[in-house]
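Give me a 3D structure for the following:
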Amino acid sequence: MLWAAFFSTFGVGAFSFALSANAGASGLSTSWLGLAFSGYFLARLILAPLAGYGADYIGAMPLLLTATCAGAAIPALYSAYPTREALGLIQIGLGFCVGIVKPVSMSLLGKCAPPDRRGRLFGAYNTYLYAAFILGPLAGGLTGNMDGGIGTLTLALPAVSMGLTFLLCLRGGAVSSATPGKQAKAGGPPWRDFAFIALLLAVFGRTLGSSVIVTFLPRLINEHLGLSGVAAGILFTLPNIVILLGIPVTSRWADIRDRTGLTFLGMGLCAACVFGLGQPIPLWAFACLGVVMGLGSALSLPASMSLAADMGFAKGSTMGIFLGVANLGFVLGPGLAGFAAEYGTMADAFELAAILGGLCLLPTFLLMTKRLHVE
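As a prediction, this is how the structure comes out:
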């Protein structure tokens, strides 16, 4: 599952970065680009909860094989219809595929890991995931330069990566041998638990900010700093490099320290950095904010995933709802930020995302305050 997560994320990340970085050359406006990414995350939003429930009832492997096979074929659409609309449809189609792969793979991890080691297991999962986040944009920037825009090499990356994921899922088919349906009958997501609702809101705010970073940071780097291609890819992936280096430590903390506190601290740092990135700052300050944002994500990612896995017995549906709410932030973020940038400035887009992310942390803050009073 770890290598499957790596390859599927690598290919889709490379294509998404190339699409954003080459938007101007492809004739894509800011609002159109935002809507294309919103469609991608909308597809993930729709599929994540359904895939989670499906993993509980029919098993994980049929879903994984179907999604990865489709993901390997979808990029070929541009060969038949080389238009900007086809690029948007490919982005959305890949969103459907990732919307199945990610919650199903996370539900498998949640089922096989004991509670006192979930932080380290989800830390390893995020290590593979963010290694792909680092290498994907670099590959996307490199193939974009070689193709002079969106071309054959750029489209081959998601196709080949999804094909490799399909083969890995075939090889690891025994992982899903657990009888489906037993956990689903034990109860669904814990909707009556205030801690679960607070976690969902916090994750929504974090991913709303992350969607602005994914969609508009390459363009911001190009416009404010005059960087493009591999140089822009390096700066874009700097937070992910920090996450990759930090998670081996922070994932252990998620097993021995207060996971709610780590989630709040990490997501608060991320919101503050999103606000700062929209300001007219020099390259060194831009890089420093990227480092701090990476540290915040390294703190919050294994802690928040472990919290979600601890809640409820039906791991597939719980992780599906968790990722569905996360994807809701990705759906709303690019569209809101795109129109904010269209009718204001790029700084307005980043500031709006940061403020909303901070507000979404208030329930978690109230929960922590309540626990302090009880103690």
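
what does stretch 284-299 contact?
224-225, 235, 238-243, 245-247, 249-250, 253, 262-263, 265-270, 272-274, 276-277, 281 (Cβ atoms under 8 Å, 6 or more residues apart in numbering). Any C-beta I mention is one placed from the backbone N, CA and C, and that applies to glycine too.

With stretch 262-277 instead?
Taking contacts as Cβ under 8 Å, 6+ apart, the residues outside stretch 262-277 that touch it are 199, 202, 205-206, 209-210, 212-213, 217, 220, 250, 253-254, 285-286, 289-290, 292-293, 295-301, 303-304, 307, 350-351, 353-355, 357-358, 361, 364-365, 368.

from those residues, which would you call buried?
Buried by 16 or more other Cβ atoms under 10 Å: 199, 202, 205-206, 209-210, 212-213, 217, 220, 250, 253-254, 286, 289-290, 292-293, 295-301, 303-304, 307, 350-351, 353-354, 357-358, 361, 364, out of those.

Which of those fall within helices?
Using DSSP state H, the members of the buried ones among the contacts of stretch 262-277 that fall in helices are 199, 202, 205-206, 209-210, 212-213, 217, 220, 250, 253-254, 286, 289-290, 292-293, 295-301, 303-304, 307, 350-351, 353-354, 357-358, 364.

can you list the weak-confidence ranges in the stretch 251-375 of the chain?
Where the stretch 251-375 of the chain drops to pLDDT under 70, the residues are 312-314, 373-375.

just for the stretch 1-150 of the chain, where's the confidence low?
Per-residue confidence for the stretch 1-150 of the chain (pLDDT under 70) gives these ranges: 23-32, 113.

Which of the contacts of stretch 284-299 are buried, as a PyMOL select command?
Only the buried entries of the contacts of stretch 284-299 go into this PyMOL selection, using 16+ other Cβ under 10 Å:
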select buried, resi 224+235+238+239+240+241+242+243+246+247+250+253+262+263+265+266+267+268+269+270+272+273+274+276+277
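
how close does residue 67 get to residue 338?
Using Cβ to Cβ, to the nearest Å, we find residue 67 at a distance of 27 Å from residue 338.

Check the contact between residue 44 and residue 329; I expect there is one.
No. Between residue 44 and residue 329 there is no contact, the gap being 10.7 Å when judged by Cβ atoms under 8 Å.

Out of those two, name the residue with the larger neighbour count.
The neighbour count for residue 44 versus residue 329, taken as other Cβ atoms under 10 Å, is higher for residue 44 (28 against 25).

Name the residues of the helix or strand hosting the more buried one that come out as buried.
When secondary structure is defined by DSSP states H and E, residue 44 falls within helix 30-57. By neighbour count, with 16+ other Cβ under 10 Å as the criterion, the buried positions of helix 30-57 are 30, 32-56.

And that helix, what does it pack against?
If you count contacts as 3 or more Cβ pairs under 8 Å, 6 or more residues apart in numbering; DSSP states H and E, helix 30-57 packs onto helix 2-21, helix 60-73, helix 84-112, helix 182-185, helix 194-225, helix 315-343.

now the ones you listed as TSV including distance to residue 166?
What follows is those, written out as TSV (distance: least, Cβ to Cβ, whole Å):
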stretch	distance to residue 166
helix 2-21	9
helix 60-73	4
helix 84-112	10
helix 182-185	26
helix 194-225	25
helix 315-343	20
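
Quick one: closest of these to residue 135.
Ranking the helices and strands packed on helix 30-57 by their distance to residue 135 (criterion: Cβ to Cβ) puts helix 2-21 first, at 5.8 Å.

Mind giving me the packing neighbours of the closest one?
With contacts defined as 3+ Cβ pairs under 8 Å, 6+ apart, the secondary structure elements packing on helix 2-21 are helix 30-57, helix 60-73, helix 84-112, helix 118-147, helix 152-171, helix 194-225, helix 229-236.

Centre of the chain to that helix, how far?
Put simply, helix 2-21 sits 10 Å off its chain's centre (Cα atoms, centre = their mean, to the nearest Å).

Name the residues of that helix that are buried.
Going by 16+ other Cβ under 10 Å, helix 2-21 has these buried residues: 4-21.

got it, and stretch 76-90?
In terms of neighbour count (16+ other Cβ under 10 Å), stretch 76-90 has its buried residues at 77-78, 84, 86-90.

what about residue 70, neighbour count?
For residue 70, the count of nearby residues is 16 (other Cβ under 10 Å).

Nearest spatial neighbour of it, chain-adjacent residues omitted?
Leaving out its chain neighbours, the residue that sits closest to residue 70 by Cβ to Cβ, 6 or more residues apart in numbering is residue 97, at 5.6 Å.
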